[in-house]
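K.L.:
Here's my sequence, what's the structure:
(4 chains)
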Protein chains: 2
Amino acid sequence: MTASGSRPEEIAQEIRKDIFRGRYRPGERLPSERELAERAGANRGSAREALKILAQQRLIEVRPGGSRVIPVHRASLEVLGHVLQMSGAPDPDLLAQLLDVHELLWAGAVRLAVERASDEELGRARELLATLSRERISEEEYLRTIAALLEIIAEASHNLVLRMVGNSLFTILGAVVPLLQRLRPSHATLLPAVRKVRRALARRDPVAAEQGIRALLRLKREYVLKKLGTPR
Amino acid sequence: MTASGSRPEEIAQEIRKDIFRGRYRPGERLPSERELAERAGANRGSAREALKILAQQRLIEVRPGGSRVIPVHRASLEVLGHVLQMSGAPDPDLLAQLLDVHELLWAGAVRLAVERASDEELGRARELLATLSRERISEEEYLRTIAALLEIIAEASHNLVLRMVGNSLFTILGAVVPLLQRLRPSHATLLPAVRKVRRALARRDPVAAEQGIRALLRLKREYVLKKLGTPR
DNA sequence: GATAGAAATTGGTCCGACCAGATTGGTGGG
DNA sequence: CCCACCAATCTGGTCGGACCAATTTCTATC
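P.N.:
Here you go, the predicted structure:
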């Protein structure tokens, strides 16, 4: 019925669905490994592994006596991807929240990055910005370039934590965004933001860089949400 | 040798150590499930589960033919806690990075929160601030109150993503910080920041609130790092 | 030396079994 | 009628062994 992955992943997905649909409410007890296994026509080991997956995503808590559901807002970031991909189209509200945090985080990151980046890192960033400001840039290349740009920012920030959080957010976004089309802002709207970032990097001006990245990501945000029909 | 948890968790910890110590380098292949099991004197299932744990933390990638190590900066946030608890005292640099992101995130969060919070939520926050500004507050209560305050901020921001990221950061910090003592700034240094936040909440001034929380968290940061002897 | 094929290895899944701790339901005393 | 107590039952934790398909590694061949 589902689609992908290994047997345990399938089972986990099934349970996740049930949790999101409200079949199992927070605090409630989940069926036992044995029952889940039987229900899915799988081995107990597979069902067990499925539960372990959900447990590590902090969506459930498994302990002797029975596993229990944990409120979503206590769960790990990773479940977000699954939430967004639950029903056909991603929930616009949630996506907007994700983009908010995305913007917040990278804005802060670029600030640190500009302060600490080596000239070489700065150079690579500048190249990417040049790519972004090119007249004819494909949808795919736009997304890829933005990704690379953020990757450099994360690296240049010399902050491992930032890099890790950025990874998570980007992974989630990357899994959802491609579902929508026409995500690339027009060249005309894109250019000013790119120019701003460019100048900020040249002058090593953290505040300006922050504003520039904010503008850049906000463009992405606007286009994504507009595509979903409910801009805020 | 290690300490806690289930058999698989012990094995996972052992492997993690080896990865962090550089015994297994990124891209390198890990021993097979069978060998790891034998080496640990455990069942293959347990070794397998250990690998699954590490895989879900994106520290390794397990696939037919052999599991491979992934660079730390690609890993999930959750491994951070383990990195910090590796050697006796947490690495000051890394802890500083963590606190930087902590501050960045909550500063952004409080901004959203002040804009969107209900009066009831605001009231609860105000109570906590009152607790913080009390003359005689124990070490433990200080930490607990800060935690509760951030929790409310996360809730009031009405941003699920923020809440989740905050959870992760807070969990990591919570696991590390208690190891150090004397984390509570003196009442005199604490008071101005608390006052600032308080006024900002009363006026629903997002910018002021952001600055206030920043100040509050920076105090925490200073004290934590000073305790470690290497402030920056 | 390159390559195609055979053999060993690896993870994926299944089955069945035992243990210790938790849950549950019944029972007897208050 | 309520509550404390205890035994049957259930739950997750771990173990051992087995088979499969895909990958990796080795080898004989060209």
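K.L.:
Flag every residue of chain A that's near DNA strand D.
P.N.:
Taking C-beta under 7 Å from any atom of the strand as the measure of proximity, chain A contacts DNA strand D at A:30-35, A:45, A:48, A:51, A:62-67. C-beta here means a position set from N, CA and C on the backbone, and glycine is covered the same way.
K.L.:
Just give me the closest of these to DNA strand C.
P.N.:
Distance from DNA strand C was checked for each of these by C-beta to the nearest atom of the strand. The minimum falls on A:Gly65, at 2.5 Å.
K.L.:
out of the residues of chain A next to DNA strand D, which touch chain B?
P.N.:
Restricting those to those near chain B by C-beta under 8 Å from any C-beta of the partner chain leaves A:Gly45.
K.L.:
What about the residues of chain A next to DNA strand D, which are in helices?
P.N.:
A:Glu33, A:Arg34, A:Glu35, A:Gly45, A:Arg48, A:Leu51 (DSSP state H).
K.L.:
Check the gap between the fourth one and B:Gly65 for me.
P.N.:
When C-beta to C-beta, to the nearest Å is applied, the distance between A:Gly45 and B:Gly65 equals 21 Å.
K.L.:
Select the longest helix from chain A.
P.N.:
When chain A is parsed with DSSP H, its longest helix is helix A:92-116.
K.L.:
Can that one be said to contact chain B?
P.N.:
Yes. Judged by C-beta under 8 Å from any C-beta, helix A:92-116 comes into contact with chain B through A:Leu94, A:Gln97, A:Leu98, A:Asp100, A:Val101, A:Leu104, A:Leu105, A:Gly108, A:Leu112.
K.L.:
how many other residues sit next to A:Glu38?
P.N.:
For A:Glu38, the neighbour count with other C-beta atoms under 10 Å in any protein chain shown is 14.
K.L.:
What is the strand or helix carrying it packed up against?
P.N.:
Under DSSP states H and E, the secondary-structure element containing A:Glu38 is helix A:33-40. Secondary-structure packing of helix A:33-40 (3 or more C-beta pairs under 8 Å, 6 or more residues apart in numbering or on different chains; DSSP states H and E): helix A:7-21, helix A:44-56.
K.L.:
OK, contacts around A:Pro107?
P.N.:
Small correction: residue A:107 is Ala, not Pro. For A:Ala107, the contacting residues are A:Glu210, A:Gln211, A:Ile213, A:Arg214, A:Leu217, taking C-beta atoms under 8 Å, 6 or more residues apart in numbering or on different chains as the criterion.
K.L.:
Can you classify the closest residue to A:His73 other than its chain neighbours as helix, strand or coil?
P.N.:
Among residues not flanking A:His73 along the chain, B:Arg163 sits closest, at 4.8 Å (C-beta to C-beta, 6 or more residues apart in numbering or on different chains). Using DSSP: H, G, I helix; E, B strand; the rest coil as the criterion, the local structure at B:Arg163 reads helix.
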